[in-house]
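>>> Below are the sequence and a predicted model for it; my questions follow.
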There are 2 protein chains.
Amino acid sequence: MKTVIVGAVAGGMSAATRLRRLDPEADIVVFERGEHVSYANCGLPYHVGGVIADREALLLNTPDSLRARFDLDVRVRTEVAAIDRDRQAVQVREIDGGRRYEEHYDRLVLSPGAAPFVPDLPGIERAMTLRSVTDADRLTTLIAEQRPRTAVVVGGGFIGLETAENLRRRGLPVDLVELDRQVLAPLDPEMVTAVHAELRRHGVRVHCGTALTKVLPAAVELTDGRHLDADLVLLAIGVRPETGLARAAGLAIGPRGGIAVDDAMRTSDPHIFAVGDAVEKIDRIDGETTLIPLANIANRQGRLAADTIAGRPGRLQGRLGTAIVQIFDLTVAVTGWNEKRLRAAGRPYHAIHTHPASHAGYYPGAQPMSLKLLFDPHDGRILGAQAVGGDGVDKRIDVLATAIRAGLTAADLADLELAYAPAFGSAKDPVNMLGYIADNLRTDGQHSLQWHELDDALADGATLVDVRTAAEHSAGHIPGSINLPLDELRDHLDDLPDSDLIVYCQVGQRGHTATALLTGLGHRAINLDGGYRTWQAGNAARPPSETHESLYGRRPE
Amino acid sequence: MKTVIVGAVAGGMSAATRLRRLDPEADIVVFERGEHVSYANCGLPYHVGGVIADREALLLNTPDSLRARFDLDVRVRTEVAAIDRDRQAVQVREIDGGRRYEEHYDRLVLSPGAAPFVPDLPGIERAMTLRSVTDADRLTTLIAEQRPRTAVVVGGGFIGLETAENLRRRGLPVDLVELDRQVLAPLDPEMVTAVHAELRRHGVRVHCGTALTKVLPAAVELTDGRHLDADLVLLAIGVRPETGLARAAGLAIGPRGGIAVDDAMRTSDPHIFAVGDAVEKIDRIDGETTLIPLANIANRQGRLAADTIAGRPGRLQGRLGTAIVQIFDLTVAVTGWNEKRLRAAGRPYHAIHTHPASHAGYYPGAQPMSLKLLFDPHDGRILGAQAVGGDGVDKRIDVLATAIRAGLTAADLADLELAYAPAFGSAKDPVNMLGYIADNLRTDGQHSLQWHELDDALADGATLVDVRTAAEHSAGHIPGSINLPLDELRDHLDDLPDSDLIVYCQVGQRGHTATALLTGLGHRAINLDGGYRTWQAGNAARPPSETHESLYGRRPE
């Protein structure tokens, strides 16, 4: 049986090598339009920045090494121009020389990937992208030869931020342009404030809410009319599935514009499979199709396509889109849905914000972290999580992604037995704490108030009580709050007005204790989730003119 | 309602503060025999070593702070001498002054903890232990005032190793004495080799298979007759549940010698609860009782006892005993059962060894790691895991502990969506790889051979094939192996004998590819799990005289 694979990176190469391990005598031909196979495209920004100094380190395999180890027939700089489904053959064109020929297949695996989106703007030809080793070569050559003195990165997603950081490493001043009002769309606004600050702290000028209108010889023009100097322009505004070949062959395309596949990676043609960034995935939270261009998912799909071809049972679970990015000294990781998306979908949820240390505070080197957990208020199902900080951010998101995959509830997190020693965590790990808080919300009927709900609650006549120390209060507080430190609260219960009370502390923990005390004594009290820190971050994320409703919609009446 | 709590560290304090949050008007009295409450005993070795320079950092709370914040009546240096169950009262004695009185309770929570085991040996009075702040004070005072020049640590468990490391930090030569043939009993022998090497590398002389017979004025004597210089002797040979009070009161004691409790922390007396190191837990793997003296479990139990007292539903899941320890530059973490224990219990299992990098190899700073996964061959249920390495060891064990808790199978690990960027992991994370390998074992019928099964297999006439490069083979190989590098294997198939083939490479991955090729072509081939590295570690762990059977028993026929 002969399998033809189109695309020799992540998904395609996983399919090829897996198929070989399953069948030593299978006939496997891999076509790759580019020059390189199986390269580490997640490392490209770091090669540009010099972190990965050795370019060869990115090239994990060559056609020769793949032939020797896996008996694969890999043909680079060879484009598959068309699929003749009736005859089960692909039309092939060699890019150098233009020779054309036909290759028969019994099974075809499409792994064409995705292409950087390039808007049709005047002067856009000068803009570069960073998706392949060839792109990286072009970029490093330009930096070395033309010695640009200014750079504009367009797009504040993962690749945009990684590239901005690495251009800073090369000593370039960097302006970052982002159409949305924040970078890193997977984060909710109050979680992204620290990212904006970190970018600024490292000399990246962030311009949100604006976009490119044209590329000039040494600058770019923005929608607000401003010009930014730009000897170098790097576009990172997302990728589009490469579906040309599939469309031309009449394969079904999904609602999101990716190749439609079933949970065994089969397209609408039972002899043709598709994997990787070009295909639509199933979202684990709502079961709808989605596009998630991530290497780990591509690898998983490639293996599954090979399994299916070899007649082994298997199916892919819905995807969470777990992702992580380093931004200078900050680590940001996400899994599942964010609050913006839950709101937009009209889906009920509880949100929890915490600000734990990466490990026990009494052990040196603990780093601050902010965590956000979203879960279903009815069945406790975890819907998403976000983490921003340093050490241990990756660990907490991985544990939470595992918990979502396994169907644990938010309250179940309290009971996870995580590895504890003071250098690694806390006796109550930040993940356990999320579970404890979720358990409180579940069983106490004790709701918490979100930062973006505060103004409405105050407008309704509630009194805001800061239970931090007087020193903390003086150093900065929410306007209009009275200060009654937790440790003195019992002695000042008579000082409290007979209104609804909104209680807050620095991160939410003392606020919880105070709220428990007050409600236990018959007051109507609610804790401000995440405390002053989350409130402050949320408000910093919001331009002065903006109302809460535009961020999260009105809270349910 | 009045709740009396005995013991003001981890479990007791969690119970007290939780109870207060649940009931602002509850009457709560806490008795603590020692001087300090709610201190960070996991930090004690690091305080001795100077890593946690500030002693105050260990004292998380004082009776005054607990009164102010939680309205708790905490009485230190006050011993509960007896429980009068009929009258629901405890007999109390103040250690300073000896005043005695009685305190009534509606509910009693016992959190007496565990005491270091001190064997009855001549001279043992001179030996110190490290369990409380008072112990730490004694130890630092002795070091400061008597300026010991030699130290012997007895016991190679978590506390023993942490203390040995911290005594080295203080510049003391350290001899470590361990009765077992290895330190860190939760690890299997091939996983502990790196630990022994790390200890030696940092100047800790490890003496396994021997024990103390007496403590002399400036030395200790061992069972093998040797003397070791010891100005300072530190005993860390485990702890025993403090059950005196419970026994005297006639409360049920479990088969392991801890206080017996149900899954809501209730003892055999419905008015009395018990939590923490003194109580027996349920082991998640076999459902039997077990003793696991860990602070995070104690905290969890304390909270649950409070919930139960307050009439809130809740029950504790079986425990895995997830644990972690830093040993100089090495991190060791475990969860669930190890192979030794599975063997001893006659429980069937598959074992997988891998040696991944902490993150993508092409990104700087990747550190080597060894992982071991144990799972049920029939239903795929994960039974345990071990990890030894540097960065990312804690993360992988936490993910695996979460997977066990959630009932995922080993093959499910392949499909976990873990956060991937090259600084944090690999597109196929080490945890995913464990899942892929488990999936192969499950569906291929392709078994792998364990390092301790190799000699038997060779004795049965199998041929051992090293598929690494010639250079790797020359640098060190398993005696009797022939070298046929993987990339040349297809051209030398005729050179293979017509016997069973055992294939190995460095870590098991190329061996898997070679085995798949060979079996696909009709050979009888099996891969050596974990490759040369695991074999080498396993053999280094074994004294020359020792047979495999004594380590793991004979393999099933």
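Arrived safely. Numbering: from 1, shown residues only, chains lettered A, B, ... in the order given.

>>> residues from the stretch 251-400 of chain A in reach of chain B?
A:294-300, A:303, A:312-313, A:316-317, A:319-326, A:331, A:333, A:335, A:360-364, A:394-395, A:397-399 (C-beta under 8 Å from any C-beta of the partner chain). Yep, even glycine has a C-beta here, placed from its N, CA and C like the rest.

>>> Show me those residues that map onto helices.
If you go by DSSP state H, those have A:295-300, A:303, A:394-395, A:397-399 in helices.

>>> tell me which of the residues you listed is nearest to residue A:132?
Distances from residue A:132 to those, taken as C-beta to C-beta, are shortest for residue A:295 (13.3 Å).

>>> Do I have it right that that closest one meets residue B:418?
No: contact criterion C-beta atoms under 8 Å: residue A:295 and residue B:418 do not qualify, at 12.0 Å.

>>> the more surrounded of these two?
residue B:418 (29 against 23; other C-beta atoms under 10 Å in any protein chain shown).

>>> The more buried one - that's part of a strand, no?
No: per DSSP: H, G, I helix; E, B strand; the rest coil, residue B:418 lies outside any strand segment and is coil.

>>> Show the model's pLDDT score for residue A:444.
With respect to pLDDT, residue A:444 has a value of 65.

>>> How much space separates the residue positioned nearest the centre of chain A from residue A:28?
Nearest to the mean C-alpha position of chain A, by C-alpha atoms, centre = their mean, lies residue A:323 at 4.2 Å. According to C-beta to C-beta, to the nearest Å, residue A:323 and residue A:28 sit 31 Å apart.

>>> Buried residues, stretch A:437-444. List them.
A:437-442 (16 or more other C-beta atoms under 10 Å in any protein chain shown).

>>> Now do the strands in the stretch 1-150 of chain A.
Taking DSSP state E, counting those that start in this stretch to define them, one finds strands in the stretch 1-150 of chain A at A:2-6, A:27-32, A:37-39, A:59-61, A:73-76, A:78-84, A:89-94, A:100-104, A:107-110, A:114-116.

>>> CA atoms of the second one as CSV?
Taking C-alpha atoms only, strand A:27-32 is exported to CSV below (Å, rounded to 0.1, in the frame of the first residue of the first chain):
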residue,chain,number,x,y,z
ASP,A,27,5.5,2.6,0.4
ILE,A,28,5.7,6.2,1.8
VAL,A,29,6.4,9.3,-0.3
VAL,A,30,6.5,12.8,1.3
PHE,A,31,6.3,16.0,-0.7
GLU,A,32,7.5,19.2,0.7
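
>>> From the contact counts, what lies against that strand?
When contacts are defined as 3 or more C-beta pairs under 8 Å, 6 or more residues apart in numbering or on different chains; DSSP states H and E, strand A:27-32 packs onto strand A:2-6, helix A:10-22, strand A:73-76, strand A:78-84.

>>> out of those, which comes closest to residue B:80?
Minimum separation from residue B:80 across those (C-beta to C-beta) falls at helix A:10-22, 62.7 Å.

>>> and that closest one, does that touch chain B?
Yes: applying C-beta under 8 Å from any C-beta, one finds helix A:10-22 touching chain B at A:10, A:20-22.

>>> now do stretch A:443-461
Yes: contact of stretch A:443-461 with chain B (C-beta under 8 Å from any C-beta) involves residue A:443.

>>> Tell me the buried residues in that stretch?
Within stretch A:443-461, the residues that count as buried by 16+ other C-beta under 10 Å are A:446, A:448-454, A:457-458.

>>> Among the residues you listed, which lie within helices?
Secondary structure from DSSP H places A:454, A:457-458 of the buried residues of stretch A:443-461 in helices.

>>> so can I have JSON lines of these showing pLDDT and distance to residue B:349?
Putting those into JSON lines (pLDDT from 0 to 100; distance: C-beta to C-beta, whole Å) gives the following:
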{"residue": "A:454", "pLDDT": "96", "distance to residue B:349": "54"}
{"residue": "A:457", "pLDDT": "94", "distance to residue B:349": "55"}
{"residue": "A:458", "pLDDT": "95", "distance to residue B:349": "59"}
